[in-house]
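Enquirer: fold the following.
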Amino acid sequence: MSAERMLWDNDATGLAELVHSGDISPQDLVDAAIARAEATRPDINAIAEPLYDFARTRAKSVDRTLPLAGVPFALKDLGIAIKGVPTHTGSRIPAFTADFNSVMTERYLAAGLIPIATSTSPEQGLRLMTESAAFGITRNPWNMGHTSGGSSGGAAALVAAGVVPAAHASDGGGSIRVPSACTGLVGLKPSRGRVPQTPLISEAWYGMVVDHAVSRSVRDCALLLDLTHGSDPLAPYAAPAPKGSFAAAAARDPGKLKLAVYRKSPLGLPISAETLAALDTAIALARDGGHTVEEIDLPYIDRDFMADFAKTVASAVAGTMRGEALRVGRPVLGDIERATRVIARFGEIVSAGEIYAGLQRLNAVSRRLITETAQYDAVLMPIIAHPPLACGAMDPKGADELIENLLDKLRLTRLLKLKPLLGQLMDKSLWFTHWPAIQNVSGQPSIALPVHVTDAGLPLGIQAVGRPGDEETLLSLAGQMEKISGWLTRRAPLKVPG
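Expert: Numbering: from 1, shown residues only. Got it, this is the predicted structure:
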């Protein structure tokens, strides 16, 4: 069997077992991943920085007894430092090249993983489609006319295309779960504080951003969390310690769980029949596993909640642009995309008092949400309101483009303080993804499950949301649903090896 076929057939755990047994060398595995990366690169455009020389050098010396020895991997071009590698954050602002590794980078390397590339992201991770002026459009391996989601769309595209079996990803408003839902992958957003972002930063977006990975299998998702979780001295907070290993949780029967399902849009926007069909598929799988499922409503997760989230993100973007200007030594608003510039300017005119009051409201709603759903082992809900969109589908057009241009060129950002106009902009930004930001605010863990394929042959995943700190129940449920559904056999039909 060829090295490329081994790479295609196996998840990260399986590839590591082949290395441990001597059936394949890290060098051959890395060479196969690099060859596949280059072969699929014109189709999916998912690489920001190739790390081929680094990967080949590391493959020669990696300790073959490590848990994931020799397994090819990718790191996101956002929010993580790799010594000597430019980080672009999906932007035309001059890149930042760190002289240190993030704690997560060190933990990935200590596990034996071999990064072969950094993966594309939209500018500052703001769009839930991976399209940028700096890098162009990243495409879905299932159908290149459609998005792989965002902001970890490059990571998801590389995994779905069989270039790497798993990849680092991050999530501030759905950026692990949305790409997973679009590309047929498992994507866990861990609890707040489960993994550190230090020393690059202490927290991002007021603690709403978390890091983990996208993967083909539940067991890889769990093993990667085992190998990377845990605070470090510079982290501002930590999630509760797990009762056992996450890998053991993923492998065991979950028993009979009490589940809820929430199917309404917090924005009151349309939901496609395919999304509801995907949710019904997940419910059917859960019932096949012996679990009870009941419908619930969350009326306090509403447009005001989402508006507070949007203002909070805008303030964080404004602060980030200030930091970038200091780093580069000049203003950077001219380097960034129009939509990012509008968001940053809006963030500058929202007062500190408004943001603090908004965060207090978000925290109050989170406390209510966590308290009222604590009786359930998990809550099933959608991730994306529609099947993976056509590339470019979220670009403003017609009147929307005119309004964005006017806000930008005439510096009319102050108009966004008017609730109807902010609501209109929010709808245009979030009509594809109504739900994921809820868990970024609440800090709860949530896992994307690839339960459904549309009539057009596109993946459409849903999410299971857990209690704070309880990734173990989610992974156990996900492992069971994976076995029942057989989703591991579903693969994107892009350059299938002979």
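Enquirer: list the contacts of residue 87.
Expert: Contact criterion C-beta atoms under 8 Å, 6 or more residues apart in numbering gives 77-78, 80-81, 95-98, 118 as the residues in contact with residue 87. Just so you know, the C-beta spots here come from the backbone N, C-alpha and C atoms, and that holds for glycine as well.
Enquirer: show the buried residues in the residues you listed.
Expert: 77-78, 80-81, 98, 118 (16 or more other C-beta atoms under 10 Å).
Enquirer: give me the subset of those lying in strands.
Expert: With strands taken from DSSP state E, the overlap with those comprises residue 118.
Enquirer: residue ranges for the helices of the stretch 151-300 of the chain, please.
Expert: Along the stretch 151-300 of the chain, the segments classed as helices by DSSP state H, counting those that start in this stretch run 153-160, 177-183, 218-228, 246-251, 273-288.
Enquirer: quick check: next helix or strand after the strand or helix carrying residue 20?
Expert: Counting by DSSP states H and E, the secondary-structure element that holds residue 20 is helix 12-21. If you walk from helix 12-21 toward the C-terminus, the next helix or strand you reach (DSSP H and E) is helix 26-44.
Enquirer: circling back to that earlier point, show me what the helix holding residue 20 is packed against.
Expert: In terms of contacts (3 or more C-beta pairs under 8 Å, 6 or more residues apart in numbering; DSSP states H and E), helix 12-21 is packed against helix 3-9, helix 26-44, helix 218-228.
Enquirer: export these to CSV and append columns for distance to residue 404, mean neighbour count and mean pLDDT.
Expert: Listed next are the helices and strands packed on helix 12-21 as CSV, based on distance: least, C-beta to C-beta, whole Å; neighbours: other C-beta atoms under 10 Å; pLDDT from 0 to 100:
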stretch, distance to residue 404, mean neighbour count, mean pLDDT
helix 3-9, 42, 19, 97
helix 26-44, 28, 20, 98
helix 218-228, 37, 26, 98
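Enquirer: need the helices of the stretch 151-300 of the chain in JSON lines (columns: distance to residue 459).
Expert: Below are the helices of the stretch 151-300 of the chain laid out as JSON lines (distance: least, C-beta to C-beta, whole Å):
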{"stretch": "helix 153-160", "distance to residue 459": "8"}
{"stretch": "helix 177-183", "distance to residue 459": "6"}
{"stretch": "helix 218-228", "distance to residue 459": "16"}
{"stretch": "helix 246-251", "distance to residue 459": "21"}
{"stretch": "helix 273-288", "distance to residue 459": "9"}
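Enquirer: now do the lowest-mean-pLDDT helix or strand in the chain: distance to the chain's middle.
Expert: Of all regular secondary-structure elements in the chain, judged by mean pLDDT, DSSP states H and E, the least confident is helix 399-409 with a mean of 87. Centroid separation for helix 399-409 versus its chain: 29 Å, with C-alpha atoms, centre = their mean, to the nearest Å.
Enquirer: let the chain start at 319 from now.
Expert: From this message on, residue numbering opens at 319, which makes the last subject helix 717-727.
Enquirer: can you list the buried residues in that helix?
Expert: For helix 717-727, burial by neighbour count (16+ other C-beta under 10 Å) applies to 721-722, 725-726.
Enquirer: for stretch 601-619, same thing?
Expert: By neighbour count with 16+ other C-beta under 10 Å, stretch 601-619 contains the buried residues 601, 603-604, 607, 609, 611, 616, 619.
Enquirer: ok, stretch 728-739 next?
Expert: Of the residues in stretch 728-739, those scored as buried under the neighbour-count criterion (16+ other C-beta under 10 Å) are 731, 734.
Enquirer: got the CA positions of it in CSV?
Expert: In CSV, the C-alpha atoms belonging to stretch 728-739 read as follows (Å, rounded to 0.1, in the frame of the first residue of the first chain):
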residue,chain,number,x,y,z
LEU,A,728,-17.7,58.7,4.6
ARG,A,729,-16.8,57.4,8.0
LEU,A,730,-20.5,57.1,9.0
THR,A,731,-19.8,54.3,11.4
ARG,A,732,-21.6,56.2,14.2
LEU,A,733,-24.8,55.3,12.4
LEU,A,734,-24.3,51.7,13.6
LYS,A,735,-25.2,52.9,17.1
LEU,A,736,-28.8,53.1,15.8
LYS,A,737,-30.3,49.7,16.7
PRO,A,738,-32.1,49.1,13.4
LEU,A,739,-28.9,49.6,11.3
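Enquirer: average pLDDT for that stretch?
Expert: Computed over stretch 728-739, the mean pLDDT rounds to 86.
Enquirer: now do that stretch: everything it contacts.
Expert: For stretch 728-739, contacts defined as C-beta under 8 Å, 6+ apart pick out 625, 660, 663-664, 666-668, 724-725, 740, 743.
Enquirer: among the residues you listed, name the buried ones.
Expert: In those, the ones that pass as buried (16+ other C-beta under 10 Å) are 625, 660, 663-664, 666, 668, 725, 740, 743.
Enquirer: tell me the one of those nearest residue 353?
Expert: Sorting the buried ones among the contacts of stretch 728-739 by distance to residue 353 puts residue 660 at the head of the list, at 41.6 Å, by C-beta to C-beta.
Enquirer: need the three-state assignment for the closest one.
Expert: State at residue 660, reduced to three classes by DSSP: H, G, I helix; E, B strand; the rest coil: helix.
Enquirer: close enough to count as contact, it and residue 722?
Expert: Yes. Using C-beta atoms under 8 Å, residue 660 and residue 722 qualify as a contacting pair, with a distance of 6.3 Å.
Enquirer: tell me the pLDDT of residue 402.
Expert: The per-residue pLDDT reported for residue 402 equals 98.
Enquirer: can you count the residues close to residue 708?
Expert: The tally of other residues near residue 708 (other C-beta atoms under 10 Å) stands at 13.
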